[in-house]
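**Q** This is a predicted model, with the sequence first.
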Amino acid sequence: MPEASVSESLSSALERLKTALSAAGRPEDAAYLLAVGKTKPADMLRQAYIAGQRAFGENYLQEALEKQRALADLDDIEWHFIGALQSNKTRDVAEHFDWVHGIDREKIARRLSEQRPSELGAINICLQLNVSGESSKAGVDLADLPALAESLLSLPNLRLRGLMALPAPSDDPRQQRHAFRKVADALTDLRQRFPDASLDTLSMGMSGDLEAAVAEGATIVRLGTAIFGSRPPLGN
């Protein structure tokens, strides 16, 4: 992708988010864009940074760590880990990321808390909700969500911020909104149960369902190909 096109694509994505927020009757700053750079080189992230982007999401740990080293000269980048997290990777995530979006097990959260360097402050956490009930998808079931949230709120180096979800794909805006509404309702329930917690985040919505997610209260939307272009097919 030519260098100028990253800036142009980012601008288009931001305009799309602004339009969705306006259509939903929400303030322009009610949600922000997370630029997902998996499989893309650090130079493309640098181009997005130059264009004003600061929050970046990565799925693959070793790839992300290499990009962080390559971009170490840039100030105020916010790194979000959004991939599946295994026990043997928690230390690197605890030491190098500001946010983790896919927590669905107390064991992983406890390891992050124990391994988080105190000088970095608490790491921001979103619990992943399996909103569509798909057996192939990660995420905690709705019925188990309150207990998991309560267990995380007692961990000293974590800050539980909200929920993340990847609903089953659908081209129907009504179905999209229905799934996202369930996530928003689940967050409302957690706020009522734990009024002293900083539960302010709904990480949901990607290229195909951004508008539906924003209409239902998304505060972080995750876009990758819309900013950085298509990814190579698996196996290439």
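**A** Happy to help now that I have it.
**Q** all contacts plus neighbour counts: C-alpha atoms, from now on.
**A** Noted.
**Q** can you give me the strands in the chain?
**A** 32-36, 55-58, 78-81, 99-103, 123-129, 158-165, 201-203, 220-223 (DSSP state E).
**Q** For those, give me JSON lines that also has mean neighbour count.
**A** Compiled in JSON lines, the strands of the chain are given as follows (neighbours: other C-alpha atoms under 10 Å):
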{"stretch": "strand 32-36", "mean neighbour count": "23"}
{"stretch": "strand 55-58", "mean neighbour count": "24"}
{"stretch": "strand 78-81", "mean neighbour count": "21"}
{"stretch": "strand 99-103", "mean neighbour count": "25"}
{"stretch": "strand 123-129", "mean neighbour count": "24"}
{"stretch": "strand 158-165", "mean neighbour count": "25"}
{"stretch": "strand 201-203", "mean neighbour count": "25"}
{"stretch": "strand 220-223", "mean neighbour count": "22"}
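**Q** Let's have those in a markdown table, adding mean pLDDT and distance to residue 150.
**A** Converted to a markdown table, the strands of the chain look like this (pLDDT from 0 to 100; distance: least, C-alpha to C-alpha, whole Å):
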| stretch | mean pLDDT | distance to residue 150 |
| --- | --- | --- |
| strand 32-36 | 98 | 27 |
| strand 55-58 | 98 | 26 |
| strand 78-81 | 98 | 22 |
| strand 99-103 | 95 | 13 |
| strand 123-129 | 97 | 11 |
| strand 158-165 | 97 | 10 |
| strand 201-203 | 98 | 17 |
| strand 220-223 | 97 | 23 |
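**Q** To residue 192, which of those lies closest?
**A** strand 158-165 (12.9 Å; C-alpha to C-alpha).
**Q** Can you dump the C-alpha atoms of the closest one in CSV for me?
**A** Output of strand 158-165 as CSV, limited to C-alpha atoms (Å, rounded to 0.1, in the frame of the first residue of the first chain):
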residue,chain,number,x,y,z
LEU,A,158,-5.6,-4.8,36.9
ARG,A,159,-8.3,-2.2,36.1
LEU,A,160,-11.5,-3.8,34.8
ARG,A,161,-12.8,-1.4,32.2
GLY,A,162,-15.6,-3.3,30.5
LEU,A,163,-16.5,-5.9,27.9
MET,A,164,-15.3,-7.0,24.5
ALA,A,165,-17.3,-9.1,22.0
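**Q** Compute the inter-axis angle for it and strand 123-129.
**A** Here the directions of strand 158-165 and strand 123-129 differ by 30 degrees (axes from the mean of the first three to the mean of the last three C-alpha atoms, to 10 degrees).
**Q** could I get the strands of the chain as TSV with distance to residue 190?
**A** Listed next are these as TSV, based on distance: least, C-alpha to C-alpha, whole Å:
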stretch	distance to residue 190
strand 32-36	22
strand 55-58	25
strand 78-81	22
strand 99-103	16
strand 123-129	11
strand 158-165	9
strand 201-203	12
strand 220-223	18
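**Q** between the ones you listed, which one is nearest to residue 175?
**A** Of all the strands of the chain, strand 158-165 sits nearest to residue 175, with 14.3 Å by C-alpha to C-alpha.
**Q** same for the closest one, what does it pack against?
**A** Here strand 158-165 touches strand 99-103, helix 106-115, strand 123-129, helix 145-153, helix 173-193, strand 201-203, going by 3 or more C-alpha pairs under 8 Å, 6 or more residues apart in numbering; DSSP states H and E.
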